[in-house]
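Engineer: sequence and predicted structure are below.
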Amino acid sequence: MARAGLDPDVVVRRAADLVDAEGLDALSLARVAGELGVAAPSLYKHVGGLGDLTQRVALSATRSFGEALARSSRGLSSRDALTSLAEAYRSFARERPGMYELAQRGGIGPEWEQAAGAIVDEISRALAGYGDGARDVHRIRFVRSALHGFTDLERLGGFRQPESIDETFARLVDALHAELSRAAG
């Protein structure tokens, strides 16, 4: 009989917490089972093994990331939308490092593809104030690449100079705004 209160969502949430705290390499059925106070074989009632659990966590990560981006820029336009989106992007990577990594790596299947598409849609919506070209795949890639490069370097400790990282990030957003404004003109 399954432990009361244990279901696939509970297992995925615990696995997601573990991935955020210790990284994807720490994820194992035995570790998640131990955290939940059950034997590892008990998890097979809720997930189809480590591969299935990893895919479920990747889907959860991608959805969570998309939701964070959606909350950030709805109702805003142009510079305000870009700034809010950029800050949400960076915050998600800082607060949910394992989930951020999984959202970037991706998953498989139509549900994950839909969740990943929602991220692109949210970025496109945030860029809509920059003109018709906002849906342009190159602009979306440009913004994603800049934000991911910065957040990944920051997440991995790549900025060791004493100057303010926040100021550098603000300058990055300024540069993105300037380029998007130029391209829209």
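Structural biologist: Received, thanks. Residues are numbered from 1 along each chain as shown.

Engineer: tell me where the chain has helices.
Structural biologist: With DSSP state H, the ranges of helices along the chain come out as 8-22, 29-36, 50-73, 78-95, 97-105, 110-127, 137-155, 165-184.

Engineer: name the surrounding residues that touch the shortest one.
Structural biologist: This points to helix 29-36. For helix 29-36, contacts defined as C-beta atoms under 8 Å, 6 or more residues apart in numbering pick out 3, 6, 10-11, 14-15, 18, 39-40, 42-43, 47, 49-50, 53. Glycine gets a C-beta too; all of them are placed from N, C-alpha and C.

Engineer: now it against helix 8-22, angle please.
Structural biologist: Using axes from the mean of the first three to the mean of the last three C-alpha atoms, to 10 degrees, one finds that helix 29-36 and helix 8-22 are set 100 degrees apart in direction.

Engineer: mean confidence score for helix 29-36?
Structural biologist: With pLDDT averaged residue by residue, helix 29-36 scores 95.

Engineer: please spell out which residues along it are buried.
Structural biologist: Along helix 29-36, the positions that meet the burial threshold by neighbour count (16 or more other C-beta atoms under 10 Å) are 29, 32-33, 36.

Engineer: out of these, which is nearest to residue 120?
Structural biologist: Sorting these by distance to residue 120 puts residue 32 at the head of the list, at 30.5 Å, by C-beta to C-beta.

Engineer: could you find the closest non-adjacent residue to residue 83?
Structural biologist: residue 173 (5.6 Å; C-beta to C-beta, 6 or more residues apart in numbering).

Engineer: just list the residues touching that neighbour, thanks.
Structural biologist: In this structure, residue 173 makes contact with 82-83, 86, judged by C-beta under 8 Å, 6+ apart.

Engineer: for residue 99, see how far away residue 92 is.
Structural biologist: Here residue 92 is placed at a distance of 8 Å from residue 99 (C-beta to C-beta, to the nearest Å).

Engineer: pretty sure residue 168 contacts residue 159?
Structural biologist: Yes - using C-beta atoms under 8 Å, residue 168 is in contact with residue 159, at 7.2 Å.

Engineer: what is the burial count for residue 123?
Structural biologist: Other residues within reach of residue 123, judged by other C-beta atoms under 10 Å, total 24.
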